[in-house]
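Participant: Fold the stuff below for me.
(3 chains)
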Amino acid sequence: MLNQTSRRQLLKNGGLLGLIATFGAAIPRLAYAAWNKAAFEGKTLPDTYKAMGADGPKESGEVQLIASDIAENGAVVPLQCVSKLPNTTQIAFLVEKNPNMLAASFDIGPDMVADVTTRIKMGQTSNVIALVKADGKFYTATKEIKVTLGGCGG
Amino acid sequence: MRRWNFALAAVTAASLLGAVGAFAEADKSIEGIEKYREALKDGNPAELFEASGEELWKKPAGPKNVSLEKCDLGLGAGVVAGAYAQLPRYFKDTDKVQDAESRVLTCMSTLQGVDVSKYVKAKWKSPERDDLNAIATYISGMSKDKPVKVSLAHPKEQAMYNLGKRMFYYQGGPHDFSCSTCHGQEGVRIRLQELPNIPTPKGAASGWTSWPAYRVSSGQMWGMQWRLADCFRQQRFPEPIYGSDVTIALSMFMAATANGAIMATPGIKR
Amino acid sequence: MGHPMKIRAASKGGVTEVKVLMNHEMETGFRKDSSGNVVPAWFIAEVVAKLNGKEVMTAQWGPSVSKNPYLAFKIKGGKAGDKVAITWTDSKGDTRTDEATVS
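Facilitator: Numbering: from 1, shown residues only, chains lettered A, B, ... in the order given. Below is the predicted model:
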């Protein structure tokens, strides 16, 4: 019952990491300055934190990372982050075992509730980090998400 | 390669089904998967395809430059709401039992004057098939939350059901497979995907009411025609012709067995 | 240009919850097509959300946001009839704006 689809899936999922790994070279020139190229191209967690100006963030119980323990498919992994920290100005999602850790970063204006949800790709089972900036300091919440490969059909 | 795959499949199936000690672990995983699926339901990208399907439905097109809005999907010309939940059904004008997708082809031909043979012959992932998938997605969405209500009153409907049942159990191909090999028993799964036991009302409902579905693995929208064509491929059977009787028959077998179940279309799948 | 987004915005208890589905390939840049050619990188890199014309949130995304992206966020205040506008800009410089009325 493992079939061509699942084999392709294996190749595709296995390949996703490699694909993202070498991504840096292919990033087209962007039309705007805000995009933090160095952060999105970071290949280690410390480098990525540094590029985000987030040296040595602390784990905080006030930051909630809401996600299922297991993802049926790494191509779509739903993540939600809620920050109870006052003056939260940024929420970012990072995947430790993706070659480029940073997936998405949200600037939270004063009119926003610090609560965002999105969906990201994961190449394999990994710790996922919600990084929050509040009052100019950085805090994290971490959760391991298992990524399974699909079988056939559906 | 195929042989190897099959051998591996057998081993995988055996280890999944046989490893009693791993059941507790697997149950926990299934719980996690349920949570994952729940998180995906809110914000199903199928909605994007519903929207483009609706646009295609309402946009004048073809040599006659008319829309599909006057298409009769079984509840009268122009009635889309609730139609999918009662398909496949017998249509007098074509003297045929048709599913949503084959009926759309009829309407494209009669209303719009489109030569539909290129849609029938097109490959999956072609613009033609993408359009048909989007239209089927739109139509199915207009039956969301409606109970499946498929009739077998007309002799041709009953004949279609019988043919579908026969096809479901038809065993053949290089691996001596049938639909029922995977979908004819309770409590079976491949990895973490449960395989619905199609001949039971519950299994048929789980198979029938959630397609068309958005596949997160590929980011593609699949209608039932595509789903069935892929089942044939997985069995190493020749691919059935798009909208052909054998595909409608299998849909009829599933839909009639699922009668009374609530449509959850369009769905979202791994 | 791109394809239309689906935006839902609902106000409840002084908070407006916005849910957005975007139509985008989010190509990583290293996937190969059936003929073995690399499909070039192509992803939404920036998202801006406005309430009645006032910017409330901006986001930066990389290529590991999923295909056909989903985004949900909450705005303080907002009431039925207000306008929520979402704009994305992708790595090719293509951009699209769609608007929804808060219910």
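
Participant: Run through chain A and note the low-pLDDT ranges.
Facilitator: Under the criterion pLDDT under 70, the flagged ranges of chain A are A:1-33, A:149-154.

Participant: residues in contact with the residue most central in space within it?
Facilitator: In chain A, the residue lying closest to the centroid (Cα atoms, centre = their mean) is residue A:94, at 3.2 Å. Counting by Cβ atoms under 8 Å, 6 or more residues apart in numbering or on different chains, residue A:94 makes contact with A:45, A:48, A:101-103, A:128-129, A:131. Heads up, the C-betas are built off the backbone N, CA and C, glycines and all.

Participant: need the longest strand for chain A.
Facilitator: strand A:137-147 (DSSP state E).

Participant: Would you state the strands of the chain in chain order?
Facilitator: All of this is about chain A. Assigned by DSSP E, chain A shows strands spanning A:58-59, A:63-66, A:70-71, A:77-83, A:88-95, A:102-108, A:112-120, A:126-134, A:137-147.

Participant: try again with chain C
Facilitator: In chain C, the strands defined using DSSP E lie at C:6-12, C:15-21, C:44-51, C:54-61, C:70-76, C:83-90, C:95-101.

Participant: So which bits of the stretch 51-200 of chain B are right by chain C?
Facilitator: For the stretch 51-200 of chain B, the residues in contact with chain C (Cβ under 8 Å from any Cβ of the partner chain) are B:51-52.

Participant: and if we set it to 10 Å?
Facilitator: B:51-52, B:55, B:125 (Cβ under 10 Å from any Cβ of the partner chain).

Participant: Got a PyMOL select line for the buried ones in the residues you listed?
Facilitator: Buried subset of these, written as a PyMOL selection, criterion 16 or more other Cβ atoms under 10 Å in any protein chain shown:
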select buried, chain B and resi 51+52
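
Participant: on that earlier part again, could you export the strands of chain C as TSV, including mean neighbour count and distance to chain B?
Facilitator: Putting the strands of chain C into TSV (neighbours: other Cβ atoms under 10 Å in any protein chain shown; distance: least, Cβ to the nearest Cβ, whole Å) gives the following:
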stretch	mean neighbour count	distance to chain B
strand C:6-12	17	5
strand C:15-21	20	6
strand C:44-51	22	14
strand C:54-61	20	16
strand C:70-76	21	4
strand C:83-90	20	14
strand C:95-101	15	11
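
Participant: Serialize these to a markdown table and add fields for distance to chain A and mean pLDDT.
Facilitator: Formatted as a markdown table, the strands of chain C follow (distance: least, Cβ to the nearest Cβ, whole Å; pLDDT from 0 to 100):
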| stretch | distance to chain A | mean pLDDT |
| --- | --- | --- |
| strand C:6-12 | 12 | 96 |
| strand C:15-21 | 6 | 97 |
| strand C:44-51 | 5 | 96 |
| strand C:54-61 | 4 | 95 |
| strand C:70-76 | 4 | 97 |
| strand C:83-90 | 7 | 96 |
| strand C:95-101 | 9 | 96 |
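
Participant: Among the residues of the stretch 51-200 of chain B next to chain C, find me the one that's closest to chain A.
Facilitator: Set against chain A, the nearest of these by Cβ to the nearest Cβ is residue B:125 (13.3 Å).

Participant: one step back: just name the most buried of the strands of chain A.
Facilitator: strand A:70-71 (a mean of 26; mean count of other Cβ atoms under 10 Å in any protein chain shown).

Participant: in its sheet, what does that one sit against?
Facilitator: Applying DSSP bridges, strand A:70-71 is found paired with strand A:137-147 (parallel).

Participant: angle of the partner strand against strand A:112-120?
Facilitator: Counting by axes from the mean of the first three to the mean of the last three Cα atoms, to 10 degrees, strand A:137-147 points 30 degrees away from the direction of strand A:112-120.

Participant: out of everything not next to it in sequence, what's closest to residue 43?
Facilitator: Here I'm looking at chain A. Of all residues not flanking residue A:43 in the chain, residue A:99 sits nearest, at 6.2 Å (Cβ to Cβ, 6 or more residues apart in numbering or on different chains).

Participant: wait, I meant chain C there
Facilitator: Computed as Cβ to Cβ, 6+ apart, the closest residue to residue C:43 that is not its neighbour in sequence is residue C:63, at 4.3 Å.

Participant: Please tell me the pLDDT value assigned to the one you found.
Facilitator: As predicted, residue C:63 sits at a pLDDT of 94.

Participant: what's around it, how many residues?
Facilitator: Residue C:63 has 25 neighbours, counted by other Cβ atoms under 10 Å in any protein chain shown.

Participant: quick one, phi psi at it?
Facilitator: Residue C:63 adopts backbone torsions of phi -70, psi -10, taken as degrees, to the nearest 10.

Participant: again with the one 3 residues further on
Facilitator: Recorded main-chain torsions at residue C:66 are phi -60, psi 150, according to degrees, to the nearest 10.

Participant: doesn't residue B:214 make contact with it?
Facilitator: No: at 11.5 Å, residue C:66 does not count as touching residue B:214 under the criterion of Cβ atoms under 10 Å.

Participant: what residues are shared contacts of those two?
Facilitator: Here residue C:66 and residue B:214 have A:76, B:45 as joint contacts, going by Cβ atoms under 10 Å, 6 or more residues apart in numbering or on different chains.

Participant: All the strands of the stretch 1-150 of chain B, in order from the start?
Facilitator: Counting by DSSP state E, counting those that start in this stretch, the segments of the stretch 1-150 of chain B that form strands are B:89-91, B:96-98.

Participant: Out of these, which is closest to chain A?
Facilitator: The nearest among the strands of the stretch 1-150 of chain B, by Cβ to the nearest Cβ, is strand B:96-98 at 24.3 Å.

Participant: average model confidence for the closest one?
Facilitator: Strand B:96-98 shows a mean pLDDT of 98.

Participant: which other helices and strands contact that strand?
Facilitator: strand B:89-91, helix B:100-110, helix B:155-169, helix B:245-257 (3 or more Cβ pairs under 10 Å, 6 or more residues apart in numbering or on different chains; DSSP states H and E).

Participant: out of the ones you listed, deepest packed?
Facilitator: helix B:245-257 (a mean of 25).

Participant: Let me know whether that helix sits next to chain A.
Facilitator: No: Helix B:245-257 lies apart from chain A when judged by Cβ under 10 Å from any Cβ; the minimum separation is 13.7 Å.

Participant: between that helix and helix B:155-169, what angle do the directions make?
Facilitator: With the same axes, to 10 degrees as the basis, helix B:245-257 and helix B:155-169 are set at 100 degrees to each other.
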